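Chemist: how does the following fold in three dimensions:
(2 chains)
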Amino acid sequence: MNKTKMICIAAALAAAILCTSCMTTTYRAGESKSDCKKNVGAGTWGSPKNTAVVFGSEYTNFIVLQQNPKFGYKLYQAQVLGKTTSNLIVIVTLTSTTSMFFVQPLSVGSELKVYEQTKMLGTSASREYLGIGGVDVKITKPGLVYYDANDPGHKNELASLKAMQSYFTGTDWETAITNRMQEIENEKK
Amino acid sequence: MCTLLVCLSAASAADIKEGSIKTPSGNKVILVGKISFKEPIDLAARKNALSEPLKNVINIGADKDKNYYTIGEPSFADIGEIWELGESFYYTAKPDKNGIVTIDSFHCSLFGSPWNYFILPAQVKIVIPEGAKFVYVGDFQYDLDYALRVTGLKHFDEFDDAQKLINRATGKNVDLMRGELNFTK
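Modeler: Prediction:
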């Protein structure tokens, strides 16, 4: 690579850095943290002893359909917490999203069909409707259930737990979340 | 934030009017048949859940009490022919060069919403009799479980009933011929 080319590349990089600004937007869907805690405290939401929390990452909207008629057919929209970061480079906007979600505690025996999932692709939202036939997640035991269809390696599980933890401070779920985080940390060692 | 979605769905009439079906042009044929369920789908149990997401949705031409089906997957560019669940279908098809029409699946949706869909696999190839314009393909009776999963499929021949229906739908006595069905699965 000759000297002139290197100077051009360096100049282009410098220009890109100068023209780049970073914007971060935090967004949330669903109930507030205090409402989540109230729901657990009041028993409206079950405990880790007899219910399960399905949680995951990436999606900015996630809705499941309860398919077990014993509990009644019902749609549950996940709590979502995420950050959208936009990097403005000259006239091109690049958007990246880090997001986690969790569905309110549901009874053991629940059979869930993913009804809708949305994720960000660049600056666009990709929304998928997956229908009402079948079961994607069967809850067979109480506790935490990581939805890993989009993350089979569970690489986002720990980050999702960390983000979720503050919604359950002071409840039985906080202990369950902390224990699972510890397990993952130990597995890494 | 209120989500406003415009759903183009269910624009056709659920009931086939007398004389509304015309003899297809060219080498197209009309397949006459029906899908049914061994046990009725528990619509009452699902109604509250599946009507709920429609609160913020404007459905153009859709009836929230209606449940529809199409053959194959509908697209927003071309919704195609749709029929009400429980009623016969009159599907305009173009046989391939070997005189065969393939039905891969039926696509059903509940409460007037395209999002409330489930798919019934058919996997059948129909040999169209030479010169036929109206071809009977039978009643596909599905056994579904509580999660709308298919647990069984039976095929019935109710030719005489279909003949009466197609005569009414076309407003004349037509020559309805049986297709030869070959299930591939």
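Chemist: ok and the residue in chain B nearest chain A?
Modeler: residue B:118 (3.2 Å; Cβ to the nearest Cβ). Glycine gets a C-beta too; all of them are placed from N, C-alpha and C.
Chemist: which stretches of chain A form helices?
Modeler: Here chain A has its helices, by DSSP state H, at A:3-18, A:33-41, A:157-165, A:172-188.
Chemist: the helix or strand where residue B:138 lies: how far from the chain's middle?
Modeler: For residue B:138, the element it lies in under DSSP states H and E is strand B:134-144. Offset of strand B:134-144 from its chain centre (Cα atoms, centre = their mean, to the nearest Å): 10 Å.
Chemist: now stretch B:40-48
Modeler: Distance, centroid of stretch B:40-48 to centroid of chain: 20 Å (Cα atoms, centre = their mean).
Chemist: buried residues of it, list them for me.
Modeler: By neighbour count with 16 or more other Cβ atoms under 10 Å in any protein chain shown, stretch B:40-48 contains the buried residues B:41, B:46.
Chemist: now do stretch B:142-158
Modeler: In terms of neighbour count (16+ other Cβ under 10 Å), stretch B:142-158 has its buried residues at B:142, B:144, B:146-148, B:153.
Chemist: out of these, which are close to chain A?
Modeler: Here is what survives when the buried residues of stretch B:142-158 are matched to chain A using Cβ under 8 Å from any Cβ of the partner chain: B:146-148.
Chemist: can I get those in a markdown table with secondary structure and pLDDT?
Modeler: Formatted as a markdown table, these follow (DSSP: H, G, I helix; E, B strand; the rest coil; pLDDT from 0 to 100):
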| residue | secondary structure | pLDDT |
| --- | --- | --- |
| B:146 | coil | 98 |
| B:147 | coil | 98 |
| B:148 | coil | 98 |
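Chemist: between those residues, which is nearest residue A:182?
Modeler: Set against residue A:182, the nearest of those by Cβ to Cβ is residue B:147 (35.5 Å).
Chemist: where are the low-confidence patches of the chain?
Modeler: Just so you know, I chose chain A. A:1-31, A:83-97 (pLDDT under 70).
Chemist: other chain: chain B
Modeler: Filtered on pLDDT under 70, chain B yields the residue ranges B:1-15, B:52-64, B:74-79.
Chemist: how about the residues of it that lie near chain A?
Modeler: Chain B comes close to chain A at residues B:42, B:45-46, B:48-50, B:52-53, B:110, B:114-119, B:146-149, as judged by Cβ under 8 Å from any Cβ.
Chemist: all strands in chain A, in order from the N-terminus.
Modeler: A:20-29, A:51-57, A:61-66, A:74-77, A:79-89, A:92-102, A:106-107, A:111-121, A:124-129, A:137-138, A:143-146 (DSSP state E).
Chemist: which single residue in chain A comes nearest to chain B?
Modeler: Chain B sits closest to residue A:133 of chain A, with a gap of 3.2 Å, by Cβ to the nearest Cβ.
Chemist: could you find the closest non-adjacent residue to that residue?
Modeler: Leaving aside its sequence neighbours, residue A:133 sits nearest to residue B:118 (Cβ to Cβ, 6 or more residues apart in numbering or on different chains; 3.2 Å).
Chemist: before I go, just wanted to say thanks for your time.
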